[in-house]
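>>> build me a model:
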Amino acid sequence: MKPFHTEIVLQTTSARVWELLSDFSLYPQWNPLFPKVTGPGTAGERHEVTVHLPGIDPFTVQATLCDKGEGGVSWHTAFLGRPMLAWTFSCRIEPVAPERLKIRLDSEFCGILAPLFRFAFAKSMEEGMEQLSQALRRWGEKGNVRCMRC
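Numbers count the residues shown, from 1 in each chain. Alright, predicted model coming up:
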């Protein structure tokens with residue numbers, strides 16, 4: 001099934017964006033799509049991830065942090081077992097030039113129920129991913145990450 005996809009080019013460093021993505025305690029302050037993540041912060045471990053799609057009440061999923069490295073983060077969760085419905089979300093940091101990088105967001109539903117969920121969440125998912133891109137621009141290019149920790 002075709003994933004939802006968006007990308008944005010930022011005038012900043014990978015290290016600065018990585019500060020935002022890697023510190024889950026800061027998510028409530030800047031991340032409109034995933035306003036709360038609780039768990040050990042370790043790849044391979046389960047986390048509670050609150051998802052806030054525009055126009056839909058926030059909901060919490062149990063997701064496995066598949067990847068957490070300076071190249072980005074990715075999450076995977078299965079609802080009703082993997083053959084029925086699974087969801088993967090990733091945020092990748094791709095350097096383009098010094099102090100310039102591309103942020104690539106992908107969200108994909110898989111399984112028997114995937115077409116239904118893709119259809120039901122299409123507009124909200126696209127809007128939510130765009131809001132996340134803009135938040136990364138706002139905080140990655142201009143915001144003071146250190147102030148967020150005060």
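>>> any idea how far stretch 91-104 is from the middle of the chain?
15 Å (CA atoms, centre = their mean, to the nearest Å).
>>> can you pull out the strands in this protein?
Using DSSP state E, the strands of the chain run over residues 4-10, 36-38, 46-51, 59-69, 72-79, 85-97, 100-110.
>>> how about residues contacting the fourth one?
For strand 59-69, contacts defined as CB atoms under 8 Å, 6 or more residues apart in numbering pick out 22, 36, 39, 41-51, 73-77, 79, 87-88, 90. For the C-beta atoms, the positions are set from N, CA and C on the backbone; glycine is no exception.
>>> write a ChimeraX command that selects only the buried members of those.
Here is the ChimeraX selection string for the buried members of the contacts of strand 59-69, based on 16 or more other CB atoms under 10 Å:
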select :36,47,49,50,51,73,74,75,76,77,87,88,90
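>>> if we can go back for a sec, could you export the strands of the chain as JSON lines, including distance to Gly140 and mean pLDDT?
Output for these, formatted as JSON lines (distance: least, CB to CB, whole Å; pLDDT from 0 to 100):
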{"stretch": "strand 4-10", "distance to Gly140": "5", "mean pLDDT": "96"}
{"stretch": "strand 36-38", "distance to Gly140": "18", "mean pLDDT": "97"}
{"stretch": "strand 46-51", "distance to Gly140": "21", "mean pLDDT": "97"}
{"stretch": "strand 59-69", "distance to Gly140": "17", "mean pLDDT": "93"}
{"stretch": "strand 72-79", "distance to Gly140": "13", "mean pLDDT": "93"}
{"stretch": "strand 85-97", "distance to Gly140": "10", "mean pLDDT": "95"}
{"stretch": "strand 100-110", "distance to Gly140": "8", "mean pLDDT": "95"}
